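**Q** After the sequence you'll find the predicted model.
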Amino acid sequence: MSICPSREPITESATGSLGVRPVSLPAGGVPVYGLYRMREGSHAQTGLVAAVPVTASARDLLRPHELTRQEREDALLARLESDQTDLAPEPVSLAYRSEAPARRLPATLTAGSPAVRFSAEGVAHELWVVEDVGQRARLTAAFAGLDALYILDGHHRAAAALRFAERHATGPDHPAATILGVLFAADELRVESFHRCVRSALSADGLLRAVAKRMRVRPAPHGAVRPAHRGEMSMWLAGRWYRLEHGVADGTDALVLQQELLGPVLGITDPTTDERLRHVPPTVTPEELAGGCGDRGEVAFVLHPPDMDEIMAVADAGERLPPKSTWFAPKAAAGLVARLREAVT
């Protein structure tokens, strides 16, 4: 991946590269990079704020790991088509492999005081603006050689932007050719998994018997538990928690759940469109999940999250996990970083 200086064309090697460039900020339109740090408790991660290409040449290098829900993607595309002169304030979070030379640079450029510092909902946010030409050159050199970026948070936004670029972008400098991104080293990230809630047509006893044919089922004597390792899930059904264990060697637990239970047992053959399936963020505790699903007459599943190596392996293979298989926290603050989005014709 080559990071380009301000207003210079993206250059591509014979093997392909992903050009990332400084962002034109609303105040003055001066192209800059940003360094954005989030702290939550003992956890901290620092990312590079940049404009990331979504043109055809970058498609194989900007790698998703999840399927998207079509109605959400269509709605975001319609928003892009109808609102072309507004600010674009929601960055897509991306990861790069931690062994890259770029991994070491953010710490050296964030030694001084940040331009912006605030806390919200238990997360401290800090932003450094990199305007110095020499520092921008160091970022360009450090990020040269990256051959992939992995989409973390913003699969639907990225998918809509790719479709928008297909319709409108005529080259790498076209307004539709890039999205606003924040790039994090993979080893700094914290991954969790969405819960699943499903409306079932089966009786509780019938569903329990069907699950037991495909996985080991044991009552959870102490109530709700978060799975301790891969291969273990928790299921809430008719007022009780159960611990499920599967012996599937390949695939994340979200994929195993879809292939072993949601599809063949509960009839959720297309998790991207089926309205009987709900995804609940992991900020909702299992106890709260049970209460909410119980009110709706649903069965609930709590999953163990995949790690970044699994996620990147899925993306590198060109495969996709079911929608909402991963949850990355903390989340970038909406509106903290923004860029000008020029009118697209």
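**A** Looks like it arrived, so ask away.

**Q** can you confirm residue 273 is in a helix?
**A** No - assigned with DSSP: H, G, I helix; E, B strand; the rest coil, residue 273 falls outside any helix and is coil.

**Q** How about it: what's its closest non-neighbour residue?
**A** residue 70 (6.2 Å; Cβ to Cβ, 6 or more residues apart in numbering). From N, CA and C alone the C-beta is placed, and that goes for glycine too.

**Q** what's across from residue 151 in the sheet?
**A** In this entry, residue 151 is beta-bridged to residue 94, by DSSP bridges.

**Q** surely it meets residue 63?
**A** Yes - counting by Cβ atoms under 8 Å, residue 151 does reach residue 63; the two are 6.7 Å apart.

**Q** Tell me who's in contact with the residue lying farthest from the centre of the chain.
**A** Relative to the C-alpha centroid of the chain, counting by Cα atoms, centre = their mean, residue 205 is the outermost residue, at 36.5 Å. For residue 205, the contact set (Cβ atoms under 8 Å, 6 or more residues apart in numbering) is empty.

**Q** end-to-end on stretch 140-153?
**A** Its first and final residues considered, stretch 140-153 spans 24 Å by Cα to Cα, to the nearest Å.

**Q** Any figure for the gap between residue 278 and residue 153?
**A** From residue 278 across to residue 153, the span is 19 Å (Cβ to Cβ, to the nearest Å).

**Q** what's the burial count for residue 331?
**A** Residue 331 has 13 neighbours, counted by other Cβ atoms under 10 Å.

**Q** List the residues that contact it.
**A** 123, 153.

**Q** three-state assignment of it?
**A** Residue 331 - assigned by three-state DSSP - is coil.

**Q** Show the pLDDT at it.
**A** At residue 331, the model reports a pLDDT of 89.

**Q** So what does it look like in phi/psi?
**A** Main-chain dihedrals, residue 331, degrees, to the nearest 10: phi -100, psi 140.

**Q** now swap in residue 176 and tell me
**A** When read as degrees, to the nearest 10, the backbone of residue 176 gives phi -80, psi 0.

**Q** pLDDT value on residue 29, please?
**A** Residue 29 is given a pLDDT of 53.

**Q** Now for this structure, the helix or strand with the poorest mean pLDDT.
**A** strand 87-88 (a mean of 52; mean pLDDT, DSSP states H and E).

**Q** Just list the residues touching residue 298, thanks.
**A** With the criterion set at Cβ under 8 Å, 6+ apart, residue 298 makes contact with 197, 198, 199, 200, 278.

**Q** residues near the nearest residue to it once chain neighbours are set aside, how many?
**A** Leaving aside its sequence neighbours, residue 298 sits nearest to residue 197 (Cβ to Cβ, 6+ apart; 4.4 Å). If you count neighbours by other Cβ under 10 Å, residue 197 ends up with 22.

**Q** swap in residue 262?
**A** 22.

**Q** how close does the nearest residue to it once chain neighbours are set aside get to residue 208?
**A** Counting by Cβ to Cβ, 6+ apart, residue 268 is the residue found nearest to residue 262 once chain neighbours are left out, at 4.1 Å. Distance, residue 268 to residue 208, by Cβ to Cβ: 18 Å.

**Q** So for those two, which sits in the more crowded spot?
**A** residue 268 (21 against 17).

**Q** residues in contact with the residue nearest to residue 262?
**A** With the criterion set at Cβ under 8 Å, 6+ apart, residue 268 makes contact with 198, 258, 262, 274, 276, 277.

**Q** if you set the cut-off to 6 Å instead, what comes out?
**A** 262, 274, 277 (Cβ atoms under 6 Å, 6 or more residues apart in numbering).

**Q** Now residue 227: closest residue in space, sequence neighbours ignored.
**A** That would be residue 304: by Cβ to Cβ, 6+ apart, it lies 3.9 Å from residue 227.

**Q** Ramachandran coordinates for the one you found?
**A** Here residue 304 shows phi and psi, under degrees, to the nearest 10, equal to phi -80, psi 130.

**Q** Neighbours of it, how many?
**A** 19.

**Q** which residue ranges form the helices in the stretch 51-200 of the chain?
**A** Taking DSSP state H, counting those that start in this stretch to define them, one finds helices in the stretch 51-200 of the chain at 70-82, 105-109, 133-143, 155-168.

**Q** Remind me what the first one packs against, helices and strands.
**A** Right, the one you point to is helix 70-82. Here helix 70-82 touches helix 155-168, going by 3 or more Cβ pairs under 6 Å, 6 or more residues apart in numbering; DSSP states H and E.

**Q** orientation of the helix it packs on relative to helix 70-82 in degrees?
**A** 50 degrees (axes from the mean of the first three to the mean of the last three Cα atoms, to 10 degrees).
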